[in-house]
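Following is a predicted model, sequence given first.
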Amino acid sequence: PNANSACWNTELEDLLCFSGSGMLNIKAGKFPVHQQKLQGFVVGFKGSRIFCLHVYAMQAIDVPQSASLYRYLERGDYESAYRIACLGVTDQDWRLLAIEAIQGLHLDIARKAFIRVRDMRYIDLIKRIEATNKGSQGEKNGKSTGIVKLSDNDKRMFLADILAYQGKYVDAAKMFIEAGQIEKAIEMFADLRLWDEAKKFAQSTDKVNITDLIRSQARWAEEAHEWKAAADMYRESGDFMKAVEILGERGWIDDLMDLVRTLRSTELPPLVKAVEYFKKHQSVSHAIETYQKMGDFNGLMIMLVEQLRWEEGLQVLATHPELASEFYLPYAHWLAINDRFEEAQSAFKKAGRPEESVKVLEDLTENAVIESRFDDASFYYWMLAGEYLRVIQTGLSANSNNSPLKNMSKVYLTTLFYHYRTLADIYYAYYFIYRYTIDPFTIQPSENIFNISRFLLNTLATYSVPPPATNPNNNEGENSNAVAIKGETPLGISRINILYALGKQSRDLEAFKVARFAYEKLQSLRIPPIFSDQLDLLTMSIRAKPYSDKEELQPICYRCSFTNPLLTTVGTVNNTNESAFYHSGGRCTNCVHNFVYSFYSFDILPLVQFELEDDITDEEAEKLIEMEPRKPAGSTSTFKESSANNSVVQTLSLEGDNRDDDFEMDLFSQLLEQYEQMESGVNVSLKVSREILHSLHQNEVFIRKYEGGIMRPEYFKNMEPDIPIVMCPHCGKFFLEDDYEVASMQKNFCPYCRAH
């Protein structure tokens, strides 16, 4: 009744506006009037714009239709609400319309509203709903109404999706549960990385495996590079292999060890993988603990061998002796490479492979010669000779079918033993010559270099290489038709260096004949051109010297007292006790007795080698030598007392008792005199009887014994007791006592065999 003017909306017939009493009233359909203040008369209403005449002025006022929109939405009239929205509402109102429409399954209106606000997520959702429920939309007059008809559960499912799109995840989860699709709720939380919520819902149902959920969470953490969390989740889910890989790849060894300790011993694959990572990161202690957990002691032993952890390997071997073959063979190789040969030999024996010791030593020897480490080469050859002696004594193992030693008789192995001893002597002596030629200074006296050069030339003159092994069934000799190779020079030995050293020292010591021999020999060899002129000059200058050697330098044979030339080159002579392939140094040109050298100064020692009569055993001979001599050796001295003029006179006689000179004479010297009467140039063994053995002083006799008792001991008599001589108990080499003490003080071991 207070209205003074009214207008219908030209675009929507359900909208009416009227004014009066200073108020503007808008009425939509049958809904209550919406009022707002306005002065004037309403003369027009188009869309959301109202035209008002106030006095003489016309005003155009934009009036939002939100209130009308809300009323239609409250009633569920989405089509009318959409028409109101088209007249003009805010974006927030459009979104409200879209949400309400999609919740009411009015998909056409919802799509249009979402297109208006450009929300592609909801547009995609609408398309998915339409695709899933194609054919379930209502029709009117043959056209689709855009309203989807669904069952209650399906409706709840779509409402849950809508709530999830709105960010109302808990409400969405509840709706999924009402629809009987709790796994969808869990999947939603998992996609949202809301793992705690997902686990909470998962615990309330049996349809979802919590372990799978935890693995999904672990994969997500892995993708996010949250490695520690991923490893923990994989461990929690029981995927231990994946947890081990994550921790191992990143070198988190302590965390990996914590994981290993939680595993059962039956979880072999992850434990084996963990061991690989421990070895990769050099965490041997953790690897050992893991192997012990698995009970894989064979794998543990292999790893300890690879890591050179020998002490731990021996501890494992104490409780698992069946692993000896896995341990001792590589352990022996390592010991041999590190110059611990005695331990290596013991290890090879425990491994049942003594022939491997020979092979290792051969390789070490060859390398030492190639690298010009001649002192090491000598030591290796001496060790190699000892190995052949052990093979003769103990034989080969059952695993040595492919070993070349398998086809060698004991006779041939004995020949090789003597041959390698000769090579050890040659390289030992040549080491001093080599250092003399390359070093600017030398600590060796001239006499020593002179003696060493002569020793080498005399040895090389009779040096022979044994024939190859071809007839394993011949026990008398390896190959009766084979001939030893003579004239060969061992690898690495330079005759030029030897002759050069000999010529220089001979000239200085006035052994001019030997010096001329050395220079003439050098002329016949291929020497470096840079030394050619110097050698010609030396050769010419030495011819101005007398063609003789200083008499004091010439060696005397202590067996036959014959004065020998400085170079005593005698051919190979059969010896009843010694192989023809073992001869170091020179021999007497008269009695063919082998000179015995001091292996430091290489002076000829006053030692005479003798043998026992055939019916005397070594044990008996040793006992006879250890007994007090029945008669003193050499000249005798006696004290006599007499009384004269009431006084006692003591007389010392240095010439012995003349009443029985023949009986008192040194029996060993008598034996030497008998052998001096024999034909010269023939090597006859010096055999002694029991009586002579009993007459010898123990401190004048040296007994060289061989390991294992395969070779008979060798006996030597010191013809000059005033000259102190020492024999190394390990290698059997002789030294002047002063020389041995000096050498031992320098290196703290025997200069030849390096025994402490």
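Arrived safely.

roughly how far out does the helix or strand that contains Val358 sit from the chain middle?
Secondary structure assignment for Val358, by DSSP states H and E: helix 354-370. When C-alpha coordinates are averaged (Cα atoms, centre = their mean, to the nearest Å), helix 354-370 and its chain have centres 21 Å apart.

quick one: buried residues of that helix?
Neighbour counts using 16 or more other Cβ atoms under 10 Å place Pro354, Glu355, Glu356, Ser357, Val358, Lys359, Val360, Leu361, Leu364, Thr365, Ala368, Val369 of helix 354-370 among the buried residues. The C-beta positions use only the backbone N, C-alpha and C, and glycine is treated the same way.

repeat for stretch 542-549
Ile542, Asp549.

Between the two ends of that stretch, how far is it?
Using Cα to Cα, to the nearest Å, the span of stretch 542-549 from its first residue to its last is 12 Å.

and what of stretch 674-694?
So stretch 674-694: terminal residues 19 Å apart, Cα to Cα.

can you check stretch 530-550 too?
Termini of stretch 530-550 sit 31 Å apart (Cα to Cα).

Need the pLDDT of Ile723.
Note on Ile723: pLDDT of 92.

going forward can the numbers begin at 29, since that is how I track them
Let's use 29 as the start, then, which means that last one is Ile751.

Leaving out sequence neighbours, find the closest residue to it.
Pro634 (5.9 Å; Cβ to Cβ, 6 or more residues apart in numbering).

Report the rounded mean pLDDT for stretch 526-539.
For stretch 526-539, the mean confidence score works out to 91.

Using CSV, list the CA coordinates for it.
What follows is stretch 526-539, C-alpha atoms only, in CSV (Å, rounded to 0.1, in the frame of the first residue of the first chain):
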residue,chain,number,x,y,z
ILE,A,526,133.1,-59.2,-13.7
LEU,A,527,136.1,-58.9,-16.0
TYR,A,528,136.2,-55.1,-15.6
ALA,A,529,136.2,-55.4,-11.8
LEU,A,530,138.8,-58.2,-11.9
GLY,A,531,141.1,-56.3,-14.3
LYS,A,532,141.0,-53.1,-12.2
GLN,A,533,141.6,-54.8,-8.9
SER,A,534,144.2,-57.1,-10.3
ARG,A,535,146.2,-54.2,-11.6
ASP,A,536,146.0,-52.4,-8.2
LEU,A,537,147.0,-55.6,-6.4
GLU,A,538,149.9,-56.4,-8.8
ALA,A,539,148.3,-59.5,-10.3
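
And the contacts of it?
Stretch 526-539 is contacted by residues 458, 461, 464-465, 474-475, 477-478, 480-482, 484-485, 488, 540, 542-543, 546-547, 549-550, 553, 566, 570, 573, 577-578, 581, 594 when judged by Cβ atoms under 8 Å, 6 or more residues apart in numbering.

about what we covered before: dump the buried residues of helix 382-398 into TSV; add pLDDT and distance to Leu417 as well.
Below are the buried residues of helix 382-398 laid out as TSV (pLDDT from 0 to 100; distance: Cβ to Cβ, whole Å):
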residue	pLDDT	distance to Leu417
Pro382	71	11
Glu383	74	13
Glu384	78	16
Ser385	75	12
Val386	80	11
Lys387	79	16
Val388	79	16
Leu389	80	13
Leu392	83	18
Thr393	89	16
Ala396	90	21
Val397	93	22
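
So which of these is the closest to Val333?
Distance to Val333 across these (Cβ to Cβ) is lowest for Glu384, with 15.0 Å.

for that closest one, what are its contacts?
Glu384 makes contact with Leu357, Ala360, His361, Phe376, according to Cβ under 8 Å, 6+ apart.

among the residues you listed, which two are most distant?
Longest span within the contacts of Glu384, Cβ to Cβ: His361 and Phe376, 8.8 Å.

Looking only at neighbour counts, state which of these two leads.
Phe376 (27 against 19; other Cβ atoms under 10 Å).

Narrow the contacts of stretch 526-539 to those that are buried.
For the contacts of stretch 526-539, buried by 16+ other Cβ under 10 Å: 458, 461, 464-465, 477-478, 480-482, 484-485, 488, 540, 542-543, 546-547, 549-550, 566, 570, 577, 581, 594.

State the helix or strand in which the closest residue to Gly341 other than its chain neighbours lies.
Sequence neighbours aside, Leu332 is the residue nearest to Gly341 in space, at 4.3 Å (criterion: Cβ to Cβ, 6+ apart). Secondary structure from DSSP H and E places Leu332 in helix 325-334.

which parts of that helix are buried?
Buried residues in helix 325-334 (16+ other Cβ under 10 Å): Phe325, Gly327, Leu328, Met329, Ile330, Met331, Leu332, Val333.
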